[in-house]
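A.B. asks: got a predicted structure here, sequence first:
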Amino acid sequence: MIRHKKSNTMATIIIPTPLRKFTDNKAKIITSGNSVGESITQLGELHPDLSKHLFKQCGTLQSFLKIYLGDRDIKSLENEETPVKDEDVISIIPAIAGGKTL
Amino acid sequence: MKATIEEYLDLNVVDLKKKEQLELVYNEAIEAELIQEARNGYPYEIAGFLLGKKSEESEIVSEVYPVNNVAKEQERKFEIHGLDYLKVEAYALENKLDVIGIYHSHPDYPAIPSRHDLEFAQSVFAYAIVSVDGKGSTLINSWKKSNEKFIQQSIKIK
């Protein structure tokens, strides 16, 4: 029986401007995870300084960050379990808000 | 509006003793665009991005990238949709520009940051605030987050 080893997918993660200081100023990082969660975890392993800005101590994603796969928020997909295909683009998006708020 | 600017200042939010080293530089056309947007949006807050080039001495804005304010209470808050953020980062990469900062308006409120502004501020970004009132008077100040407070950033028009 011939067993085919499952090849890892290659997705691109877009790093937002505020986090590029932790990726040697790189805006795009290629990862090979099979899900969004695996890809983001791999990104954290590649850039350990970035990791604490991505994850809380309990290991879940920081609440002020959103993750998009293509143009969809992963919350509307399968969250971190969302499968990743070759050439998919994953974006990390910081919450941008403010205002006078009286 | 309160009687004096000082009444709006929250020293837990703003550190007046320090100043940002990098100047924010833009031309009169950019200034006019920021003012016009704030006036058009009044009495609601408007928001967008400042794109350009960063150097060791200054942050030179060459383009304004307006986006929709998607906050629920737009007369006192702004929020930028994740998809718009994604688009502006992609646009900047494609055009070899830096995302220098974010601008938003403060209708009937001075161009000084609030506690809510500080809560979401990213230290890498310049925060240009356009104060606007019902008569169309405007004032722009820029701020940067440093050590958990905002410090003022000089603006140069050229």
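C.D. replies: All right, it came through fine. Numbering: from 1, shown residues only, chains lettered A, B, ... in the order given.
A.B. asks: what about residue 72, neighbour count?
C.D. replies: The chain I'm using is chain A. Other residues near A:R72 come to 13 when the count uses other C-beta atoms under 10 Å in any protein chain shown. For every residue, glycine as well, the C-beta is placed using N, CA and C.
A.B. asks: please go with chain B instead
C.D. replies: Other residues lying near B:K72 total 6 when counted by other C-beta under 10 Å.
A.B. asks: looking at this, B:L93 is in a strand?
C.D. replies: No. Secondary structure of B:L93, determined by DSSP: H, G, I helix; E, B strand; the rest coil: helix, with no strand assignment.
A.B. asks: quick check: it vs B:Y85, distance?
C.D. replies: Distance, B:L93 to B:Y85, by C-beta to C-beta, to the nearest Å: 13 Å.
A.B. asks: who has more neighbours, the two?
C.D. replies: Remark: of B:L93 and B:Y85, B:Y85 carries more neighbours, 24 against 15, as counted by other C-beta under 10 Å.
A.B. asks: ok, that one touching A:P94?
C.D. replies: Yes. Contact status for B:Y85 versus A:P94: in contact at 7.4 Å, counting by C-beta atoms under 8 Å.
A.B. asks: so what's in contact with these two at the same time?
C.D. replies: Residues touching both B:Y85 and A:P94 by C-beta atoms under 8 Å, 6 or more residues apart in numbering or on different chains: A:P16.
A.B. asks: which parts of chain B are helices?
C.D. replies: Counting by DSSP state H, chain B has these helices, from start to end: B:28-41, B:82-94, B:115-120.
A.B. asks: output those in a markdown table, with distance to B:L16 and mean pLDDT appended to each entry.
C.D. replies: Compiled in a markdown table, the helices of chain B are given as follows (distance: least, C-beta to C-beta, whole Å; pLDDT from 0 to 100):
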| stretch | distance to B:L16 | mean pLDDT |
| --- | --- | --- |
| helix B:28-41 | 23 | 98 |
| helix B:82-94 | 30 | 96 |
| helix B:115-120 | 14 | 94 |
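A.B. asks: using CSV, lay out those helices together with distance to chain A.
C.D. replies: Putting the helices of chain B into CSV (distance: least, C-beta to the nearest C-beta, whole Å) gives the following:
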stretch, distance to chain A
helix B:28-41, 12
helix B:82-94, 4
helix B:115-120, 4
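A.B. asks: of those, which is nearest A:A11?
C.D. replies: helix B:82-94 (15.0 Å; C-beta to C-beta).
A.B. asks: pull that closest one out as CSV, backbone CA atoms only.
C.D. replies: What follows is helix B:82-94 as a C-alpha-only set of coordinates in CSV (Å, rounded to 0.1, in the frame of the first residue of the first chain):
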residue,chain,number,x,y,z
GLY,B,82,-11.3,44.9,10.3
LEU,B,83,-11.8,44.7,6.6
ASP,B,84,-11.0,48.4,6.1
TYR,B,85,-7.8,47.9,8.2
LEU,B,86,-6.9,44.9,6.0
LYS,B,87,-7.5,47.0,2.9
VAL,B,88,-5.3,49.9,4.0
GLU,B,89,-2.4,47.6,5.0
ALA,B,90,-2.6,45.9,1.6
TYR,B,91,-2.8,49.3,-0.2
ALA,B,92,0.2,50.5,1.7
LEU,B,93,2.2,47.4,0.9
GLU,B,94,1.3,47.5,-2.8
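A.B. asks: run through the neighbouring helices and strands of it.
C.D. replies: Using 3 or more C-beta pairs under 8 Å, 6 or more residues apart in numbering or on different chains; DSSP states H and E as the contact test, the elements touching helix B:82-94 are strand A:11-14, strand A:65-69, strand A:89-94, strand B:47-54, strand B:58-67, strand B:98-107.
A.B. asks: hmm, try it at 7 Å
C.D. replies: Counting contacts by 3 or more C-beta pairs under 7 Å, 6 or more residues apart in numbering or on different chains; DSSP states H and E, helix B:82-94 packs against strand A:65-69, strand A:89-94, strand B:58-67, strand B:98-107.
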